[in-house]
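**Student:** Take this sequence and fold it.
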Amino acid sequence: MIDIYLICIELLICMTIIPIIYKKYQTEGLYIYSIVAFILSNVMSLKIISLSSFELNLGIVLFTSSFIASNIIIQKKGYEEIKKLVLFIVVSSIVSFGCLYLTSLIDSSNINNFTNRSFDNIFDGSARIYFANIVTMLYFLILNGKLYYYLKKEKNKVWISNLFSGIIIQFLASCSFLIIAYAIIKEPIDIIKLIIIRYLVSLITVIIGTIPIYISSKFKID
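**Tutor:** Sure thing, here's the model as predicted:
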């Protein structure tokens, strides 16, 4: 039960900080937030927790909150800005993965040996999950941008654009991530259960994420 509370706190922090960052630093702040959230979600996705009878890869709140930030960017700057965001994320993912991987190859001292061994083994058998998170984010961030921008032009309602794009994109993203990460090594029924809980957490994040998008849409930024 405490895990649920901690995820809720994480969600509250993310949804609170997004409009604050946007008001203070505008779209540049959202770029930075998305990159940081993406890198953290990559690392956190390597850890799995149990919620009741379901298992969940952590980092999903940060992962989905990046889509919320991208929707605000589209709301203010248009779809073309997402291409820049994706480019920055590609570069940051390559740099962060390279640094983490090279660091894990460097010989450790005997001081704090347990922690050193844990860090050295971080990608041992987990690189596929890390890769799945990167691919899923990059592909569906572009797809989400196109869908959100289309809905924005057609309906011009924040809640319609965010909810409908989120319902579709997060389902596809959940399926893609878990199939890439666990196909063959897990039973199909276990993957389906992983998809269900991941999609549920994503949907809750998307629904609550409508609030910071709506708040940010009211800011008058130069």
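**Student:** and Q75, how many neighbours does it have?
**Tutor:** 18 (other CB atoms under 10 Å). (Each C-beta comes from the backbone N, C-alpha and C, glycine too.)
**Student:** which helices and strands does the strand or helix carrying it pack with?
**Tutor:** If you go by DSSP states H and E, Q75 is part of helix 60-77. Counting contacts by 3 or more CB pairs under 8 Å, 6 or more residues apart in numbering; DSSP states H and E, helix 60-77 is packed against helix 2-44, helix 80-105, helix 127-155, helix 158-182, helix 188-217.
**Student:** Of those, which is nearest L62?
**Tutor:** Nearest to L62 among those is helix 2-44; the distance by CB to CB comes to 4.1 Å.
**Student:** From the chain's centroid, how far away is the helix or strand following that closest one?
**Tutor:** As assigned by DSSP H and E, the chain's next helix or strand after helix 2-44 is strand 48-51. Its chain's C-alpha centre and that of strand 48-51 lie 17 Å apart, by CA atoms, centre = their mean, to the nearest Å.
**Student:** quick one: contacts for M137?
**Tutor:** F38, S41, F63, S66, I89, A173 (CB atoms under 8 Å, 6 or more residues apart in numbering).
**Student:** Spatially central residue in this structure, please.
**Tutor:** For the chain, F63 is the residue whose C-alpha lies nearest the centre (CA atoms, centre = their mean; 0.9 Å).
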